[in-house]
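**Q** okay, here's the prediction I keep looking at, along with the sequence it came from:
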Amino acid sequence: MSDLFPPFEPERVEPRRARFKSIPFRLIAPNLVTLLALCLGLTAMRLVVEGRTETATICILVAAALDGVDGRLARMLKGTSRFGAELDSLSDFVNFGVATGYVLWIFVLHDLKSFGWIIVLTLACTMALRLARFNVMIDDPNRPEWQKNFFVGMPAPAGAITALLPVYLQMIGVPVQEYGAPFVGLYILFIAFLTISRIPCYAGKTLGARVPRDMVLPLFAAAVIVAGLLFAYTFETLSLVVLAYLALIPVSVARYRKLEREHAAATAPVAETPAG
């Protein structure tokens, strides 16, 4: 019974309760960027319901840009973590699978009735499958270094940006909503297929790591031109970027096959010549 009611000892120093260890801000900053992107994707769903399709589209585009920032920020600050990787994948699924599909549904796919909704489900599910495969391949220790410059299938942010091409065309005067629902449905299924395919798409992860000195000023000039075009001719520029990206996929495939052959030749065992 003495253990249940210990005597009160005023002068006894009680041990301090263990507190959670503080977390460096460099580990938190990338996750804040990811959460901001998630908020933009969810807000896009509200905006498209309110009839503000243009603003909803821009929200998803900004979320895609932030998705490219959070990973690089984590690597730059040495703040990568398993938690951040899982949060990033969940955010990508919501932004580029659910929100993008919902925007397209409200925009034009609802004209196809149940078939349009099946297309939305297909896009969302293929995004989930693509992200799950990406997470598994990250942990592959036998993956050659050169393969890290390529995505297996179209990445989720690029899939969302290209899937929104019908919206861009509508904004520049093409009557997609009036006549193009069946073509939009087939186009979205094509993009969904690309996300889960084995087609290699250039990742561009090494871009910006080292820039030749003589290319610095041209790079600045190109950045100014692209920014000016995006601000002045937003949807025209986005349409051209998407078409150019799709056209360059065969080039990426050819480059991947070439590197694959070179790697196979470099790692092939050398045949021993018989003694004469």
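**A** It's in.
**Q** helix or strand for the residue nearest the centre of the chain, which one?
**A** Central residue of the chain (Cα atoms, centre = their mean): residue 157, 3.4 Å from the mean position. Residue 157 is located in helix 156-163, with elements delineated by DSSP states H and E.
**Q** the spatially closest residue to the residue nearest to the centre of the chain that is not a sequence neighbour: neighbouring residues, count only.
**A** Using Cβ to Cβ, 6 or more residues apart in numbering and skipping residues adjacent in sequence, the residue nearest residue 157 is residue 64, 4.0 Å away. Any C-beta I mention is one placed from the backbone N, CA and C, and that applies to glycine too. Using other Cβ atoms under 10 Å as the criterion, residue 64 is surrounded by 24 other residues.
**Q** got the CA coordinates for whichever strand or helix holds residue 64 in PDB?
**A** In this assignment (DSSP H and E), residue 64 forms part of helix 53-76. Listed next in PDB are the C-alpha coordinates belonging to helix 53-76 (Å, rounded to 0.1, in the frame of the first residue of the first chain):
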ATOM      1  CA  THR A  53     -11.700  28.100 -64.200                       C
ATOM      2  CA  GLU A  54      -8.800  30.300 -65.100                       C
ATOM      3  CA  THR A  55      -7.800  31.000 -61.500                       C
ATOM      4  CA  ALA A  56      -8.300  27.300 -60.600                       C
ATOM      5  CA  THR A  57      -5.900  26.400 -63.400                       C
ATOM      6  CA  ILE A  58      -3.300  28.800 -62.300                       C
ATOM      7  CA  CYS A  59      -3.500  27.400 -58.700                       C
ATOM      8  CA  ILE A  60      -2.700  23.900 -60.000                       C
ATOM      9  CA  LEU A  61       0.200  25.300 -62.200                       C
ATOM     10  CA  VAL A  62       1.600  27.100 -59.100                       C
ATOM     11  CA  ALA A  63       1.300  23.900 -57.100                       C
ATOM     12  CA  ALA A  64       3.200  22.100 -59.800                       C
ATOM     13  CA  ALA A  65       6.000  24.800 -59.700                       C
ATOM     14  CA  LEU A  66       6.100  24.500 -55.900                       C
ATOM     15  CA  ASP A  67       6.400  20.700 -56.200                       C
ATOM     16  CA  GLY A  68       9.600  21.300 -58.200                       C
ATOM     17  CA  VAL A  69      10.900  23.600 -55.500                       C
ATOM     18  CA  ASP A  70      10.300  21.600 -52.300                       C
ATOM     19  CA  GLY A  71      12.500  18.700 -53.200                       C
ATOM     20  CA  ARG A  72      15.300  20.900 -54.400                       C
ATOM     21  CA  LEU A  73      15.000  23.000 -51.300                       C
ATOM     22  CA  ALA A  74      15.200  19.900 -49.100                       C
ATOM     23  CA  ARG A  75      18.300  18.700 -50.800                       C
ATOM     24  CA  MET A  76      19.900  22.200 -50.700                       C
END
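**Q** that helix packs against which elements?
**A** helix 25-49, helix 82-92, helix 100-107, helix 156-163, helix 165-171 (3 or more Cβ pairs under 8 Å, 6 or more residues apart in numbering; DSSP states H and E).
**Q** nearest to residue 123, out of those?
**A** With Cβ to Cβ as the measure, helix 100-107 is the member of these nearest residue 123 (4.5 Å).
**Q** and the pLDDT at the residue nearest to the centre of the chain?
**A** On pLDDT, residue 157 comes in at 92.
**Q** I'd guessed it sits against residue 67; true?
**A** Yes - between residue 157 and residue 67 a contact is recorded at 4.9 Å, counting by Cβ atoms under 8 Å.
**Q** need phi/psi at residue 233.
**A** Torsion angles at residue 233 (phi, psi; degrees, to the nearest 10) stand at phi -130, psi 70.
**Q** same question, the one 10 residues further on
**A** Reported as degrees, to the nearest 10, the phi and psi values for residue 243 are phi -60, psi -40.
**Q** got it, and residue 202?
**A** According to degrees, to the nearest 10, residue 202 has phi -60, psi 130.
**Q** does the nearest residue to it once chain neighbours are set aside belong to a helix, a strand or coil?
**A** Setting aside the residues directly before and after it, residue 202 is nearest to residue 252 in space (Cβ to Cβ, 6+ apart), at 4.4 Å. Classification of residue 252 using DSSP: H, G, I helix; E, B strand; the rest coil returns helix.
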